[in-house]
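J.: Fold the following, please.
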Amino acid sequence: MEKEQTLVLIKPDGVKRGLVGEIIRRLESRGLKIVALSMEWPTKEQIDKHYPKTRKWIEGLGKNTAKSYKEFNIPSTLLEDYGTDNLHEIGKKVREWLIEFIISGPIVKMVVQGLHAIKMVRKIVGPTVPAFAEVGTIRGDFSIDSPDLANIKRRAVHNLIHASGNKEEAEYEISHWFTKEELNSYSTIHEQFMTQERNQ
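T.: Prediction:
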């Protein structure tokens, strides 16, 4: 459990707003550690391989879009805005917007390791939709975007950060962005303290 790893991407909006240091600080202050870290301007091919292409995942994007229309009382309909009400087709369009957004600037990619790292990081980051993220989370404190505005502008929601959703995602995403040689192994003071507590 202590060696569980997850992938975190600080998206172009997080980089351009100068939040890289703050995001890393929040992760480390929770007792998590960074075992790989770098900045790059990703290619379309890299991001296309990062996001799943399964029908289930793409339809999930469509369902989330339809849900946001109801929750934000968007006056127009999916058919009016997307030319279809087919959730899979809508999801494909949203996926395209995600790719366009992530390749619009440099990102910071990192592998975060620690106790229940996947759940912990997502808890620190907050829900995907910034409006639903509580104060104290990264998105709740710093993200000012919303699905209704993003839909009007025909773009992805700018929510600062990506974090793997589960173990399978984390394993795939880490191997996609980093080689095994780029992952570092070391002990933090926090880990040493926890080990001492167990041995007493």
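
J.: Could you use CA atoms for every contact and neighbour count after this?
T.: Noted.

J.: wait, what's in contact with Thr77?
T.: Tyr69 (CA atoms under 8 Å, 6 or more residues apart in numbering).

J.: repeat that with 10 Å
T.: 66, 69-70, 83-85 (CA atoms under 10 Å, 6 or more residues apart in numbering).

J.: Please apply the same query to Val135.
T.: Counted by CA under 10 Å, 6+ apart, Val135 has contacts 126, 141-142.

J.: on that earlier part again, how about the contacts of Thr77, which pair is most distant?
T.: Lys70 and Gly83 (17.8 Å; CA to CA).

J.: For Gln113, which non-adjacent residue is closest in space?
T.: Among residues not flanking Gln113 along the chain, Gln5 sits closest, at 4.4 Å (CA to CA, 6 or more residues apart in numbering).

J.: Oops, could you answer that again for Asn166 instead?
T.: Closest residue to Asn166 apart from its sequence neighbours, by CA to CA, 6+ apart: Ile118 at 6.5 Å.

J.: Look up which helix or strand that neighbour falls in, please.
T.: Assigning secondary structure by DSSP states H and E places Ile118 in helix 117-125.

J.: all strands of this protein, in order?
T.: Per DSSP state E, the chain carries strands over the ranges 5-10, 33-40, 107-113, 161-163.

J.: deepest of the ones you listed, which one?
T.: Highest mean neighbour count of those: strand 5-10, a mean of 25 (counted as mean count of other CA atoms under 10 Å).

J.: could you give the angle of that strand to strand 33-40?
T.: Here the directions of strand 5-10 and strand 33-40 differ by 40 degrees (axes from the mean of the first three to the mean of the last three CA atoms, to 10 degrees).

J.: Listing partners with orientation, what would you give for strand 5-10?
T.: Using DSSP bridges, the strands paired with strand 5-10 are strand 107-113 (antiparallel), strand 161-163 (antiparallel).

J.: Can you add distance to Ala170 and mean pLDDT and give the ones you listed back as TSV?
T.: Formatted as TSV, the strands paired with strand 5-10 follow (distance: least, CA to CA, whole Å; pLDDT from 0 to 100):
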stretch	distance to Ala170	mean pLDDT
strand 107-113	9	98
strand 161-163	8	97
